[in-house]
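Participant: need coordinates for the following:
(chains A and B)
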Amino acid sequence: DVKVTQSSRYLVKRTGEKVFLECVQDMDHENMFWYRQDPGLGLRLIYFSYDVKMKEKGDIPEGYSVSREKKERFSLILESASTNQTSMYLCASSLGTSGPTGELFFGEGSRLTVL
Amino acid sequence: GQSLEQPSEVTAVEGAIVQINCTYQTSGFYGLSWYQQHDGGAPTFLSYNALDGLEETGRFSSFLSRSDSYGYLLLQELQMKDSASYFCAVNTGFQKLVFGTGTRLLVSP
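Facilitator: Okay, the predicted model is just below:
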């Protein structure tokens, strides 16, 4: 089974702090994604990556950056956390473009609260 | 812009059949996915339609009409454990999914 592991389930940070959210997948997937999920808004794509060192902006990249130094690891960085970044953050991975199945494998999520 | 519309909530009783509709407007379209998410859990993949027609997987079926920009998820023989949120999502290319806002399904005894 594919496993996507997010390092922290719950985090509480203060405004202005730098926050790192880590995600690791164990199935050698090419693609990795970061979404945030808010009530009534569904899942919104922040950033994604098709390969090591590659990154693409999603629909709401402002205030975030990412890093993919190894294929299995995709990090989301909040350079200066703000209260409007309080949310559930979901990491996902998928196979590359050889088989467009529309199937993403999600981690359990990291619930971030910014005070 | 990109938008997917689905009902916010649907209620049904055990053993019944329920249909969750999804209409979409996106800049690219390669297929329509459906995901289930229980409270506190991760979204899990249910089905994917790249072509028009009906796909069946056990009690769940999914339908797509690309000409109408419309799809639906059909859940049969509802069980209490089917109470969850259901999301449609459009694959806009390279597995980049744009999600709807979700439909909360409440199954009562």
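Participant: any idea how far A:M54 is from the closest residue in space to B:T44 that isn't next to it in sequence?
Facilitator: Nearest residue to B:T44, sequence neighbours excluded (C-beta to C-beta, 6 or more residues apart in numbering or on different chains): B:Q36, at 5.4 Å. To be clear about C-beta, it is placed using only N, CA and C from the backbone, and glycine gets the same treatment. Taking C-beta to C-beta, to the nearest Å as the measure, B:Q36 falls 30 Å from A:M54.
Participant: the more surrounded of these two?
Facilitator: Comparing B:Q36 with A:M54 by other C-beta atoms under 10 Å in any protein chain shown, the one with more neighbours is B:Q36, at 20 against 10.
Participant: got the contact list for residue 55?
Facilitator: I went with chain A, as the question did not name one. A:Y47, A:F48, A:S49, A:V66, A:S67, A:R68 (C-beta atoms under 8 Å, 6 or more residues apart in numbering or on different chains).
Participant: please refer instead to chain B.
Facilitator: Residues in contact with B:E55 (C-beta under 8 Å, 6+ apart) are B:S47, B:Y48, B:N49, B:S61, B:S62, B:F63.
Participant: burial count for the fourth one?
Facilitator: Residues lying near B:S61 (other C-beta under 10 Å) number 17.
Participant: ok, A:S82 to A:Y47 distance?
Facilitator: Distance from A:S82 to A:Y47, counting by C-beta to C-beta: 17 Å.
Participant: just B:Q36 next, same as before
Facilitator: For B:Q36, the distance to A:Y47 equals 25 Å [C-beta to C-beta].
Participant: same question, A:L76
Facilitator: Distance of A:L76 to A:Y47, computed by C-beta to C-beta: 7 Å.
Participant: many thanks, have a good one.
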